[in-house]
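Asks: what's the 3D shape of this:
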Amino acid sequence: MEGDQLKPNPVPGPAPAGQPSSSSAPVITPEPPRKRPLLRTMKSDTEELFKTSRPSLSQMIGPADGGQRFFSSLSKKKKNSIVATVVALLLLGGGGFYVWRTSQQGGGSIIRPSKLVTPPPFFITETSRTITVKAQDRLQLFRLIRDTMKEQERYGSIKRLIIKLQDGETERFATIADLFNFYNIHPPERFLNFVDKNLMVFVYYGEEGSRFGFAVKALDPDRALLTMLNWEPALMSDFEAFFFGEIPGEMLDLFEDRTYRNIDWRLHKHSHDLDLDIGYLIFPAKNILVFTMSKAATESVINRLFEAR
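Replies: Residues are numbered from 1 along each chain as shown. The predicted structure is shown next:
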């Protein structure tokens, strides 16, 4: 036993060349330090973030209270300016949407009050006057027409009288039916069906005074003329108001045929001395029905209708 001595365990060392090592543990080589890019970009920062951790959405987009901290850091004046700008943009956007919506509901166009356009005259006149009355105010219409007839104008001249009627908030031009209603004139049945509604009222200024007249387009000239022929017995009484008190006491002949510049027309004289008559005709070129209270006025209108052809 003495001869047997304990020998220390040999310390393992590197195996000689060509022989395997007595230890099976792997050798770990440390990784070299990661190099950061010289120029930082969004791409490089994102790649670095995903390599080192798993970021959440709030980390990627930034702190949630960043905008609040920025707004709190502004001065009161800048805050008010920002708020005012936002409110103005909202109002402009809302107004634009309202206009667009209104145009869509109106069939693609914004509904605006229509502007009255005066119908063109059938013939040329030296002057014109526009009078506006309420739709039911007969006395005002009578007074304005009488005032127009009393105005001093050159002999032989004609003034157009444009009549506008106000009905509440609306306004329109008087039609021939309106004229008859104001003066309680009752035309023969269906007469208004043979003429257009657009009316041209005029005043002729002659040497013996002013005379009233009107013109309207005949839609059916033959029937309109036949209706006027049948109306002759009552024309004097129906249109008495248009003489404005100048009717003579005597009654002369009934209606008779007249011709002026190859235009046939009808005349009823009421006086030998005064130009107080009823004359009417249908001018064939444009089928214009003319009604006057004067022989001279009728011939003057015929001349002007020839010029207007």
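Asks: Direction included, what does the strand ranked longest in the chain pair against?
Replies: Determined from DSSP state E, the single longest strand within the chain is strand 157-167. Partners of strand 157-167 in the sheet, by DSSP bridges, are strand 127-134 (parallel), strand 170-173 (antiparallel), strand 200-206 (antiparallel).
Asks: Including mean neighbour count and distance to residue 236, could those strands go into TSV?
Replies: For glycine as for every other residue, the C-beta is placed from the backbone atoms N, C-alpha and C. Listed next are the strands paired with strand 157-167 as TSV, based on neighbours: other C-beta atoms under 10 Å; distance: least, C-beta to C-beta, whole Å:
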stretch	mean neighbour count	distance to residue 236
strand 127-134	14	26
strand 170-173	14	28
strand 200-206	22	19
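Asks: where are the low-confidence patches of the stretch 51-200 of the chain?
Replies: 51-83, 86-87, 94-114 (pLDDT under 70).
Asks: try 90 this time
Replies: Applying pLDDT under 90 to the stretch 51-200 of the chain flags the ranges 51-116, 135-136, 138, 167-169, 189.
Asks: right, and the strands paired with strand 157-167 - which one's nearest residue 142?
Replies: When the strands paired with strand 157-167 are compared by C-beta to C-beta, strand 127-134 sits nearest residue 142, at 9.6 Å.
Asks: Report the next helix or strand after the closest one in sequence order.
Replies: Moving toward the C-terminus from strand 127-134, the next helix or strand (DSSP states H and E) is helix 138-150.
Asks: helices or strands next to the strand or helix carrying residue 258 in the packing?
Replies: In this assignment (DSSP H and E), residue 258 forms part of strand 256-260. For strand 256-260, the packing partners by 3 or more C-beta pairs under 8 Å, 6 or more residues apart in numbering; DSSP states H and E come out as strand 263-269, helix 295-307.
Asks: Low-confidence ranges, the stretch 201-309 of the chain, go.
Replies: 207-208, 236-237, 240-241, 243-254, 269-276, 308-309.
Asks: hmm, try it at 70
Replies: For the stretch 201-309 of the chain, applying pLDDT under 70 flags the ranges 247-253.
Asks: Span of stretch 269-280 from start to end?
Replies: From its first residue to its last, stretch 269-280 covers 12 Å (C-alpha to C-alpha, to the nearest Å).
Asks: Pull out the buried positions in it.
Replies: 269, 270, 271, 275, 276, 277, 278, 279, 280 (16 or more other C-beta atoms under 10 Å).
Asks: contacting residues around that stretch?
Replies: Stretch 269-280 is contacted from outside by 206, 208-209, 211, 228, 235-236, 239, 243, 246-248, 250-253, 255, 258, 265-268, 289-298, using C-beta atoms under 8 Å, 6 or more residues apart in numbering.
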